[in-house]
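Asks: Would you be able to build a 3D model of this:
(2 chains, ligands or ions: 3)
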There are 2 protein chains.
Amino acid sequence: MSSRLDLFIDRMVSQRACLDFAISETAAMSGPVFELGLGNGRTYHHMRRYVENRDIFVFERAVASHPDSTPPEDRVILGDVRETLPQSLERFGPVASLVHADLGGHNRQKNDIFARFVSPLIEPLMAPGGLMVSSDRMYFDTLTEVALPEGAVEERCFIYRR
Amino acid sequence: MSSRLDLFIDRMVSQRACLDFAISETAAMSGPVFELGLGNGRTYHHMRRYVENRDIFVFERAVASHPDSTPPEDRVILGDVRETLPQSLERFGPVASLVHADLGGHNRQKNDIFARFVSPLIEPLMAPGGLMVSSDRMYFDTLTEVALPEGAVEERCFIYRR
Ligand SMILES: C[S@@+](CC[C@H](N)C(=O)[O-])C[C@H]1O[C@@H](n2cnc3c(N)ncnc32)[C@H](O)[C@@H]1O
Ligand code: NI
Ligand code: NI
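Replies: Ligands and ions are numbered 1, 2, ... in the order given. Sure, this is the predicted structure:
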């Protein structure tokens, strides 16, 4: 059995491997990047560092990130994603080149219920060819699961392509 | 330049590599293990998982760890380490087989000042042959720095041997 430190490292390393893969796969696209869940801001900081020539919008209920990982106000879409995702479809249309979701907490069952609920809200936002990276298994009709890149651990993250 | 996610992964991976090395190097010793700074409890959980036949005592100002990583009450030495380390010398003597310190916050300069202050409080607790793993550079007279194991990143952690 692994320790919580082992699992945590697996999760972080997988997240980074998936993000790096997805950023590079979508590098030629110009649509915005959506970060669902800011938290401490580490993955947002990573995207800001490595995503070039694309806007990054952050969906978050309550901003509480590290000072150097706090997005400018006009890049934050404040509120519950169950409301702000449908609103964003009206605002943006189906243009997202990359969506990263790390919305879960410690309760696996709750995370799964939530993933089922938000999957159809995320799906129409994706541009054709766009990628979706998630810490939870998602439930999409038109997106297909993509094999994980080297370094990512199965079940720790998931990638889908529109 | 690295992202905060990159730095964080380096730190976690280094911490684990150093702990695994130190646990195995001191496996034949019977003196207790001291964890200085419980935090979320991830490294404590790791030690509890991999350290065999040794007591683990946790030094912490205010316990706020994950439920499954909270030590039993009689293994917590509650209070500021600047007071509890000298008290523990009286209680235990120079018997620690392994001491892990992760007491720092985000301010490097403050961490360094604190490391200078607690180094002479940790030093007399160590058993001969015991190892000390730290996230910050320490200032010991009688302990010598040990080369990092494979997988650990220089400057992200430090190992010392009595
Ligand atoms: C970075 S966290 C430790 C994280 C831990 N290694 C983990 O993996 O979850 C540092 C902890 O040290 C504790 N701490 C810092 N200074 C202290 C002091 N002077 N006395 C006692 N505890 C202290 C803090 O309360 C905090 O919980
Ligand atoms: Ni948990
Ligand atoms: Ni910081």
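Asks: I'd like to know how far A:Val146 sits from A:Met132.
Replies: Note on A:Val146: its distance to A:Met132, by Cβ to Cβ, to the nearest Å, is 9 Å. Glycine gets a C-beta too; all of them are placed from N, C-alpha and C.
Asks: So between the two, which is more surrounded?
Replies: Regarding A:Val146 and A:Met132, a neighbour count based on other Cβ atoms under 10 Å in any protein chain shown identifies A:Met132 as having more, with 27 against 17.
Asks: before we move on, the earlier item: intersection of neighbour lists for A:Val146 and A:Met132?
Replies: When contacts are counted by Cβ atoms under 8 Å, 6 or more residues apart in numbering or on different chains, A:Val146 and A:Met132 are jointly contacted by A:159-161.
Asks: what's the closest of the residues you listed to A:Thr26?
Replies: Among the shared contacts of A:Val146 and A:Met132, A:Arg161 lies closest to A:Thr26 (Cβ to Cβ), at 9.5 Å.
Asks: A:Ala101 is in contact with A:Leu36, correct?
Replies: Yes. In this structure A:Leu36 lies within contact range of A:Ala101 using Cβ atoms under 8 Å: 4.2 Å.
Asks: overlap in contacts of these two?
Replies: Contact criterion Cβ under 8 Å, 6+ apart; residues shared by A:Leu36 and A:Ala101: A:118, A:122.
Asks: Which pLDDT value belongs to A:Val133?
Replies: At A:Val133 the predicted local distance difference test score is 98.
Asks: residues in contact with the residue in chain A that ligand 1 sits nearest to?
Replies: Among all residues of chain A, A:Leu5 sits closest to ligand 1, at 6.5 Å; criterion: Cβ to the nearest ligand atom. With contact taken as Cβ under 8 Å, 6+ apart, A:Leu5 is in contact with B:12, B:15-16, B:42-43, B:45-46.
Asks: one more time with 10 Å, if that's ok
Replies: The neighbourhood of A:Leu5, defined by Cβ atoms under 10 Å, 6 or more residues apart in numbering or on different chains, consists of B:12-13, B:15-16, B:19, B:40-47, B:49-50, B:69.
Asks: list the buried ones in the helix or strand containing it?
Replies: Using DSSP states H and E, A:Leu5 falls within helix A:4-25. For helix A:4-25, burial by neighbour count (16 or more other Cβ atoms under 10 Å in any protein chain shown) applies to A:4-6, A:8-10, A:12-19, A:21-23, A:25.
Asks: one step back: near chain A too, which of the contacts of A:Leu5?
Replies: Restricting those to those adjacent to chain A (criterion: Cβ under 10 Å from any Cβ of the partner chain) gives B:12-13, B:15-16, B:19, B:40-47, B:49-50, B:69.
Asks: Okay, helices next: where are they in chain A?
Replies: A:4-25, A:42-50, A:81-92, A:108-122 (DSSP state H).
Asks: Now mean pLDDT too, for those, in a markdown table please.
Replies: Rendered in a markdown table, the data for those read as follows (pLDDT from 0 to 100):
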| stretch | mean pLDDT |
| --- | --- |
| helix A:4-25 | 96 |
| helix A:42-50 | 97 |
| helix A:81-92 | 97 |
| helix A:108-122 | 95 |
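Asks: To B:Tyr139, which of these lies closest?
Replies: With Cβ to Cβ as the criterion, B:Tyr139 lies closest to helix A:4-25 of the helices of chain A, at 26.7 Å.
Asks: Could you pick out the longest strand of chain A?
Replies: Determined from DSSP state E, the single longest strand within chain A is strand A:126-134.
Asks: Residues of chain A that sit close to chain B?
Replies: Counting by Cβ under 10 Å from any Cβ, the residues of chain A lying close to chain B are A:1-9, A:12-13, A:15-16, A:19, A:40-50, A:65-69, A:106.
Asks: what's the spacing between A:Ala22 and chain B?
Replies: With the distance defined as Cβ to the nearest Cβ, to the nearest Å, A:Ala22 ends up 14 Å from chain B.
Asks: My guess is that residue contacts A:Phe158. True?
Replies: No. Using Cβ atoms under 10 Å, A:Ala22 makes no contact with A:Phe158, being 11.1 Å away.
Asks: Quick one: neighbours of A:His46, just the number.
Replies: 25.
Asks: cool, the one 10 residues further on as well?
Replies: By other Cβ under 10 Å, 17 other residues sit near A:Ile56.
Asks: give the contact list for the spatially most central residue of chain A.
Replies: Nearest residue to the geometric centre of chain A (Cα atoms, centre = their mean): A:His100, 1.0 Å. Under the criterion of Cβ under 10 Å, 6+ apart, the contact list for A:His100 reads A:15, A:18-19, A:22-23, A:33-37, A:43-44, A:46-47, A:56, A:58, A:131-135, A:157.
Asks: can you do 7 Å?
Replies: Neighbour list for A:His100: A:19, A:35-36, A:43, A:133 [criterion: Cβ atoms under 7 Å, 6 or more residues apart in numbering or on different chains].
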